[in-house]
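Peer 1: Need the 3D shape of this:
(one chain, ligands or ions: 5)
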Amino acid sequence: LIPDPLDITELGSWLNSFDETRKPIPSIVIIDDDVVLSELYAAVLEASGMSVTIINDPMEAFDSIAMIRPDLILLDIEMPNVNGLELARVLRQSRSNLSTPILFLSAERNESRQQLARNIGGDDFISKPINLDRLTTIVQMRAERAIALKQIMESDSLTGLLNHARFKERLALEIERSSRTGSPLSVCILDIDKFKGINDRHGHQVGDKVIQTLSQTLTGGLRRTDVVSRYGGEEFGIILLDTDSTGAAVVMNRVRERFSGIALMGNEEEFCVTFSAGIAQNGLGSTANSTLALADLALYEAKHLGRNRVCI
Ligand code: GH3
Ligand code: MG
Ligand code: MG
Ligand code: MG
Ligand code: MG
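Peer 2: Ligands and ions are numbered 1, 2, ... in the order given. All right, here's what the predicted structure looks like:
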């Protein structure tokens, strides 16, 4: 099932195949002091479905990039106050930009200066005046590859879902956002019932297939904006945005019923699987850990009350 890890394009489409609608929009930053040109580039890239932020003052670049975390940076070389080469060198020193492609846009004709730009950490060099079709193709291809690589680094290999560490980072971010906007958020931890028995009876490969089926049922049954992760072996962590705990319980019960009705193929006979889930809503002073602890407690209660149920 898992393709050759060296084939990045394959891996990208393999990850996206889990849910085509979740394919992210590439986020591009253009750093260029030329207002007219940068707006032209932005218009062309946006017409091809990318999201573009223009930075005309290179002094603002470092802070903006830290906030936007773009998938690709287009960087002019000749700018007032800051030279693009120098800026690239500084950007490369920060850990979060380490894998972000930097493409230089420049009228620089001198071969050795171009080579210097590459040595400094630029991934490519596009000469001005730029053919706009060529610019679009290069940016799109490189940005999509960068997104695929990031997804691979941050995802679980069996399901393609977010891994535990990324899930907790995301939860912290969403709780922060929620306390700012006042819109509620619910966390759900879900654990497959009697999974040891399924492995024992049908083997680990069938067990893995159950995990993949549940993963697909979750991503298919929840909103696009909800966050689904492989929290542990046969445990999943979910963030339901703009949803209070009562609403989350309704949604999770719907998914629970759908999943428990799926006939899975074992070695000799068909079988069905259930899960239990615990839900917690964030409140005043909540953190990722405190909310997860509450959801965990609710999950424990669901197991204790006989499994195949959702508790708050
Ligand atoms: P409970 O209803 O109390 O949750 O019972 P359980 O049998 O599911 O118990 P528990 O959650 O403690 O056990 C989980 C088991 O899931 C342990 C391990 O053998 C199995 N498991 C964990 N990760 C994987 C995996 O990636 N693939 C397979 N096939 N099995 C896994
Ligand atoms: Mg310039
Ligand atoms: Mg478990
Ligand atoms: Mg358990
Ligand atoms: Mg279990």
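
Peer 1: Would you mind listing what in the stretch 1-150 of the chain touches ligand 2?
Peer 2: Contact residues, the stretch 1-150 of the chain versus ligand 2 (Cβ under 5 Å from the ion): 33, 76, 78, 79. Where you see a C-beta, it was placed from the backbone N, CA and C, and this is true even at glycine.

Peer 1: Dihedrals phi and psi, the last one?
Peer 2: Pointing back at residue 79 there. Backbone torsions of residue 79, given as degrees, to the nearest 10, read phi -140, psi 150.

Peer 1: was I right about it contacting residue 33?
Peer 2: Yes. Residue 79 lies in contact with residue 33 (Cβ atoms under 8 Å); the separation is 4.4 Å.

Peer 1: tell me, what's touching the two both at once?
Peer 2: Jointly contacting residue 79 and residue 33 under the rule Cβ atoms under 8 Å, 6 or more residues apart in numbering are residue 58.

Peer 1: out of the two, which sits in the more crowded spot?
Peer 2: residue 79 (20 against 17; other Cβ atoms under 10 Å).

Peer 1: who's in contact with that one?
Peer 2: By Cβ under 8 Å, 6+ apart, the contact list for residue 79 reads 31, 32, 33, 58.

Peer 1: Take those residues and keep only those in strands.
Peer 2: If you go by DSSP state E, the contacts of residue 79 have residue 31 in strands.

Peer 1: closest to ligand 5 among the contacts of residue 79?
Peer 2: Distances from ligand 5 to those, taken as Cβ to the ion, are shortest for residue 31 (49.5 Å).

Peer 1: picking that back up, for the contacts of residue 79, give me JSON lines that also has pLDDT and distance to ligand 5.
Peer 2: Converted to JSON lines, the contacts of residue 79 look like this (pLDDT from 0 to 100; distance: Cβ to the ion, whole Å):
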{"residue": "31", "pLDDT": "97", "distance to ligand 5": "49"}
{"residue": "32", "pLDDT": "95", "distance to ligand 5": "54"}
{"residue": "33", "pLDDT": "95", "distance to ligand 5": "58"}
{"residue": "58", "pLDDT": "92", "distance to ligand 5": "53"}
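
Peer 1: Tell me the one of the contacts of residue 79 nearest ligand 1?
Peer 2: Set against ligand 1, the nearest of these by Cβ to the nearest ligand atom is residue 31 (43.5 Å).

Peer 1: thought the closest one was touching residue 62?
Peer 2: No. Judged on Cβ under 8 Å, residue 31 makes no contact with residue 62 at a distance of 10.1 Å.

Peer 1: got any residues that touch both of these two?
Peer 2: residue 87.

Peer 1: near ligand 1, anything from the helix or strand residue 249 falls within?
Peer 2: Element membership of residue 249 [criterion: DSSP states H and E] is helix 245-260. No. Counting by Cβ under 6 Å from any ligand atom, ligand 1 is not contacted by helix 245-260; separation bottoms out at 13.4 Å.

Peer 1: And the next helix or strand past that helix?
Peer 2: strand 264-265.

Peer 1: Within the sheet, what are the partner strands of the helix or strand that comes right after that next one, with directions?
Peer 2: Scanning forward in sequence from strand 264-265 by DSSP H and E, the next helix or strand is strand 270-271. Sheet pairing for strand 270-271, assigned by DSSP bridges, gives strand 264-265 (antiparallel).

Peer 1: Of residue 31 and residue 62, which one has the most company?
Peer 2: Comparing residue 31 with residue 62 by neighbour count (other Cβ under 10 Å), the higher total belongs to residue 31, at 27 against 15.

Peer 1: what's that one in contact with, if anything?
Peer 2: Shown in contact with residue 31 (Cβ under 8 Å, 6+ apart): 55, 58, 61, 73, 74, 75, 76, 79, 84, 87.

Peer 1: Now for those residues: which two are most distant?
Peer 2: 73 and 79 (13.5 Å; Cβ to Cβ).

Peer 1: Break down the stretch 151-300 of the chain into its helices, ranges please.
Peer 2: Using DSSP state H, counting those that start in this stretch, the helices found in the stretch 151-300 of the chain span residues 164-181, 195-202, 204-221, 245-260, 288-304.

Peer 1: Now render these as JSON lines, adding distance to residue 227 and mean neighbour count.
Peer 2: Formatted as JSON lines, the helices of the stretch 151-300 of the chain follow (distance: least, Cβ to Cβ, whole Å; neighbours: other Cβ atoms under 10 Å):
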{"stretch": "helix 164-181", "distance to residue 227": "6", "mean neighbour count": "16"}
{"stretch": "helix 195-202", "distance to residue 227": "23", "mean neighbour count": "15"}
{"stretch": "helix 204-221", "distance to residue 227": "10", "mean neighbour count": "17"}
{"stretch": "helix 245-260", "distance to residue 227": "13", "mean neighbour count": "18"}
{"stretch": "helix 288-304", "distance to residue 227": "12", "mean neighbour count": "18"}
